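**Student:** Got a predicted structure here, sequence first:
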Amino acid sequence: MLRHGLVPNQFTLSSVLKAAGAGPDPDDRHGRQLHAYCFKCGFASNVYVGTSLVDMYARCGLMDDSQIIFDALHSKNEVSWKALIAGHARKGQGEHALRLFWNMLRGGFKPTHFTYSSVFTVCASAGSMEQGKWVHSHMIKSGVNLVAFVGNTLLDMYAKSGSIEDARKVFDRLVKRDVVSWNSMLTGYAQHGLGTETVQLFEEMLRIGVQPNDISFLYVLTACNHSHLLDEGQYYFHLMKKRFKIEPQVFHYVTMVDLLGRAGLLDRADKFIREIPTEPTAAVWGAMLGACRMHNNIDLGAYAAKRAFELDPSDSGPYIILAYMYTSAGRLNDAAKVRKMMKEGGVKKEPACSWVEIENAVHMFVANDDAHPQRAEIYRRWEMISKKIKEIGYVPDTSHVLFFVDQQEREFKLQFHSEKLALAFALLNTPPGSTIRIKKNIRVCGDCHSAIKYVSKVERREIIVRDTNRFHHFRDGSCSCGDYW
């Protein structure tokens with residue numbers, strides 16, 4: 001076009017910039033060259049070209065550059081705001097994205113479906129149901145219909161914030177459901193451990209003629225895994241291959257190994273791994289290791305851990321699990337060797353943290369946290385709760401402490417894990433009888449799981465904990481996972 005002497009206008013440049021930011025891993029080199037050309041031709045501050053520049057830099061992950069372009073625009077529109085908000089959402093910068101959304105509303109701009117979708121994605125990631133509900137109510141007042149893509153992210157927000165009932169209401173009210181809508185609902189049911197509901201929904205999906213994809217089968221298998229549905233899980237794995245001709249991916253194999261292993265069929269899980277047509281990944285061996293820990297098979301667990309170390313030496317998970325297994329079996333020297341391997345390899349355990357949202361503010365805690373303004377009241381409240389639950393049967397499970405110290409010191413180290421501090425804080429700052437929702441960045445430990453069951457009974461509260469594996473709904477001394485997670 002340029003060689004022919006034709007001069008591009010604002011719409012041409014906007015289209016080319018969109019192409020520069022397209023793809024799964026866009027490179028900013030072409031975009032920067034186009035930016036220079038736009039600047040040279042005097043188009044950089046044009047609202048259409050400027051918005052495309054904001055979007056291009058945001059899609060390349062260069063949020064500082066995107067912000068500079070955005071701030072320099074003489075006039076902004078809804079699409080300019082959407083591009084910047086979506087960029088921060090993709091980068092996982094939820095707080096920044098939400099702040100921009102409020103600024104957008106204060107500026108008198110009307111959010112689009114795409115803007116709402118980005119904000120719901122942010123709320124889903126953080127599990128911020130209070131903020132998500134506020135945005136949902138704003139969307140309703142604005143007269144925005146629940147079309148598929150914004151409805152799907154809203155559904156996902158409610159499911160990931162712990163309210164599967166609200167997620168189902170959104171699903172039932174969708175104007176039109178696509179395969180992503182069905183997958184979002186299947187995902188929600190699976191993460192909440194509702195195996196029967198997941199299977200029923202999947203069968204309904206097949207009955208009305210919606211073609212499932214690999215994600216649909218992943219979450220059906222996940223639900224079967226979380227709900228002890230061994231026969232059903234094996235049936236759907238074979239159905240995926242035979243009827244729908246979908247080749248299993250790594251995540252399907254990982255889920256099947258977990259399903260067989262957790263059911264106690266360790267030999268069958270081992271045989272299944274050896275029959276995988278490609279080289280088993282670290283995640284596959286990690287699933288096997290988790291099952292071995294559950295059934296106290298140290299020899300097979302050590303072999304699985306060794307394979308996981310070879311394939312992904314930087315992942316701390318297998319080291320921690322194997323060390324726990326050795327510690328629980330009283331093999332302290334072997335546990336010390338594993339910790340030494342971690343140290344020599346520069347492998348660091350991911351710091352555990354838990355957070356709770358109260359009155360639109362997120363409060364985050366780490367183990368033995370002393371930074372919170374209410375730390376003294378939080379510690380006193382947990383000590384009081386700990387005394388109460390011990391009276392009705394709670395016994396600290398010190399096998400979850402890796403340090404080589406005496407029993408009393410082990411119990412002390414357990415008492416101030418991050419989820420316990422988050423729970424004590426929530427009990428201090430929420431009305432009696434209200435539901436408490438806690439999020440954690442790693443798997444909830446066995447001792448905390450046991451303690452929270454007792455707390456739900458003595459405090460007469462429903463406590464919902466979201467960890468990396470699933471949701472745990474604690475009510476009246478029991479958990480929805482049936483102690484199987």
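**Tutor:** That came through fine. Numbers count the residues shown, from 1 in each chain.
**Student:** Tell me where the stretch 51-200 of the chain has helices.
**Tutor:** 63-72, 78-90, 94-106, 113-126, 129-141, 148-160, 164-173, 179-191, 195-207 (DSSP state H, counting those that start in this stretch).
**Student:** A strand includes E232, no?
**Tutor:** No. Assessed with DSSP: H, G, I helix; E, B strand; the rest coil, E232 is helix; it does not lie in a strand.
**Student:** Which helix or which strand is home to H238?
**Tutor:** helix 230-242 (DSSP states H and E).
**Student:** okay, now the nearest residue to F471 once chain neighbours are set aside: neighbour count?
**Tutor:** Once flanking residues are discounted, F471 sits nearest to H192: 4.6 Å by C-beta to C-beta, 6 or more residues apart in numbering. Placement of C-beta: from N, CA and C, glycine included. Neighbourhood size, H192 [other C-beta atoms under 10 Å]: 25.
**Student:** Please apply the same query to G346.
**Tutor:** 8.
**Student:** Next: E247.
**Tutor:** When neighbours are counted by other C-beta under 10 Å, E247 comes out with 9.
**Student:** Can you tell me the SS state at it?
**Tutor:** E247 ends up coil, using three-state DSSP.
**Student:** what sits up against the longest helix along the chain?
**Tutor:** For the chain, the longest helix by residue count, based on DSSP state H, is helix 375-391. With contact meaning C-beta atoms under 8 Å, 6 or more residues apart in numbering, helix 375-391 is reached by 369, 372, 394, 415-416, 420-421, 423-425, 427-428, 451, 454-455, 458-459.
**Student:** what are the phi and psi angles of A263?
**Tutor:** Backbone torsions for A263, taken as degrees, to the nearest 10, come to phi -80, psi 0.
**Student:** residue contacts, it?
**Tutor:** H228, L230.
**Student:** nearest spatial neighbour of A44, skipping sequence neighbours?
**Tutor:** C38 (4.9 Å).
**Student:** Quick check: the gap between that neighbour and S161.
**Tutor:** From C38 across to S161, the span is 41 Å (C-beta to C-beta, to the nearest Å).
**Student:** And these two? Which one has more around it.
**Tutor:** Taking other C-beta under 10 Å, C38 and S161 do not tie; S161 has more neighbours (26 against 23).
**Student:** Relative to L105, how far out is the nearest residue to that one once chain neighbours are set aside?
**Tutor:** Leaving aside its sequence neighbours, S161 sits nearest to M129 (C-beta to C-beta, 6+ apart; 3.4 Å). Distance, M129 to L105, by C-beta to C-beta: 19 Å.
**Student:** before we move on, what about E95?
**Tutor:** 16 Å.
**Student:** how many other residues sit next to T12?
**Tutor:** 14.
**Student:** How about S14?
**Tutor:** 22.
**Student:** would you list every one of the helices in the stretch 351-485 of the chain?
**Tutor:** Per DSSP H, counting those that start in this stretch, the stretch 351-485 of the chain carries helices over the ranges 375-391, 407-415, 418-429, 446-458.
**Student:** Single out the most deeply packed of these.
**Tutor:** Neighbour counts (mean count of other C-beta atoms under 10 Å) averaged over each of those peak at helix 418-429, with a mean of 23.
**Student:** pull the helix or strand with minimum mean pLDDT from the chain.
**Tutor:** Here the helix or strand of the chain ranked lowest by mean pLDDT, DSSP states H and E is helix 407-415, holding a mean of 64.
**Student:** Just confirm L155 contacts N183, I think it does.
**Tutor:** No. Applying C-beta atoms under 8 Å as the test, L155 and N183 come out as separate, 10.2 Å apart.
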